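*Asks:* Got a predicted structure here, sequence first:
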Amino acid sequence: MVAPPDNEVLWARALHVRHHGSPALTGVSLGVREGEILAVGGPRGSGKTTLLRCLSGQLLAQEGEVGFAGTALHALGASARERLRRDRFGWIDPTPVLVPELNAWENAALLLMLRGVGRRRARATALEWLDRLDVGRCARSRPYALSQAERQRVAVARALAPAPAVIFADEPTAPLHRADRAQVLRTLTAAARSHGMTVVLATHDTDTAAFADRTVSLLDGRRVDTVHLPPVDEPAGPTGSAGPAEREGRAACSLSA
C-alpha cells in the first residue's frame, strides 16, 4: 500500500467498482486531511455514494486501495471493518433511518449506548445535540410523530453524538427545506471544527458544497476538474411552506414532547 502524505487521515488510490458489469467508479483517487470538510460533488448517478461506501469500508472495490489512519481498509475482514465503522465513523443517509420503537433521544443516543456509554451520560449527550439541531422539544417523541425534517435532524444528532473521527454524509440535507438545510449544515460543520472531525459530504447541490473546505467532482464514475451542479428543488409544498403531512408531524411532535 502506498503511504499517504502525513496530513491525510483518509485516502483512496485508483478505485475501480463495477455494479452488475457496469462501471460505478473508474480509477478514482483522493485524499482527505484530518479535520477537513470535503465535498464530493457531481450529478446523481456519478458515483458519489459508491465512493463514500468504499471510503467507509461498507463496500470493497474490485481494484484499488483505501486507508484510514494507517489502516488498510481493503485488507481488513468484514468484522474488523464493522468495528471500525462502529468505533471511528459516523454515517448520515439521505433519508433518515430511525428505530421506530425508540423515541428521538434514544435514537440519538443509540450509537453511544452500543459503545458502552452509560444511559444517563448518553442521554445528556443526545439531548445536547438535539437542542443544537433545534429538535430538543421532540426528545420524547417516536419517529412516527416527527416530520421528515425532524427525523433527519435526529439522524444527524445520532451521527454526531459519539464524536467520530470521520463523518460520511450522503446528501444529508436532501429531505430538508432551504432554511433547514442551512441550519443543519452549519451545525454539522461547526461540530466538525470544534471536535476535530473529518467530514466527507456527497452532494449535487452547490449551496451545500459551499460549506466545505474543498470540493472534488465526479462524473460517470471518474474524477473530473469541474462539474456544474444544478440547484436543488424545494421539497413539496406551496410557496416553500411545509406540506400538510409535515405540519401534522410537527403538531404531533409538540403534543407528545
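*Replies:* Alright, I've got the coordinates. Residues are numbered from 1 along each chain as shown.

*Asks:* Mind picking out the helix or strand in this protein with the poorest mean pLDDT?
*Replies:* When each helix and strand of the chain is scored by mean pLDDT, DSSP states H and E, helix 244-256 comes last, with a mean of 45.

*Asks:* that's a strand at Pro23, yeah?
*Replies:* Yes. Pro23 forms part of a strand when assessed by DSSP: H, G, I helix; E, B strand; the rest coil.

*Asks:* State the number of residues packed around it.
*Replies:* 16 (other CB atoms under 10 Å). (C-beta placed from N, C-alpha, C; glycine too.)

*Asks:* What residues are bridge-paired with it?
*Replies:* Arg18 (DSSP bridges).

*Asks:* quick one: contacts for it?
*Replies:* 16-17, 220-221 (CB atoms under 8 Å, 6 or more residues apart in numbering).

*Asks:* Surely Phe211 touches Leu185?
*Replies:* Yes. Contact criterion CB atoms under 8 Å: Phe211 and Leu185 qualify, at 4.7 Å.

*Asks:* Output stretch 43-52 as PDB, nothing but the C-alphas.
*Replies:* What follows is stretch 43-52, C-alpha atoms only, in PDB (Å, rounded to 0.1, in the frame of the first residue of the first chain):
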ATOM      1  CA  PRO A  43     -24.900  14.900 -10.600                       C
ATOM      2  CA  ARG A  44     -27.000  11.900  -9.500                       C
ATOM      3  CA  GLY A  45     -25.500   8.700 -10.700                       C
ATOM      4  CA  SER A  46     -22.000  10.000 -10.800                       C
ATOM      5  CA  GLY A  47     -20.600   7.600  -8.200                       C
ATOM      6  CA  LYS A  48     -20.700   9.700  -5.100                       C
ATOM      7  CA  THR A  49     -22.500   7.200  -2.800                       C
ATOM      8  CA  THR A  50     -20.300   4.400  -4.100                       C
ATOM      9  CA  LEU A  51     -17.200   6.400  -3.300                       C
ATOM     10  CA  LEU A  52     -18.400   7.100   0.300                       C
END
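
*Asks:* What segments of the protein are helices?
*Replies:* 48-55, 78-88, 104-114, 119-132, 148-160, 178-195, 206-209, 244-256 (DSSP state H).

*Asks:* Looking at the ones you listed, which one is packed in the most?
*Replies:* helix 148-160 (a mean of 25; mean count of other CB atoms under 10 Å).

*Asks:* Please work out the average pLDDT along that one.
*Replies:* In this model, helix 148-160 has a mean pLDDT of 94.
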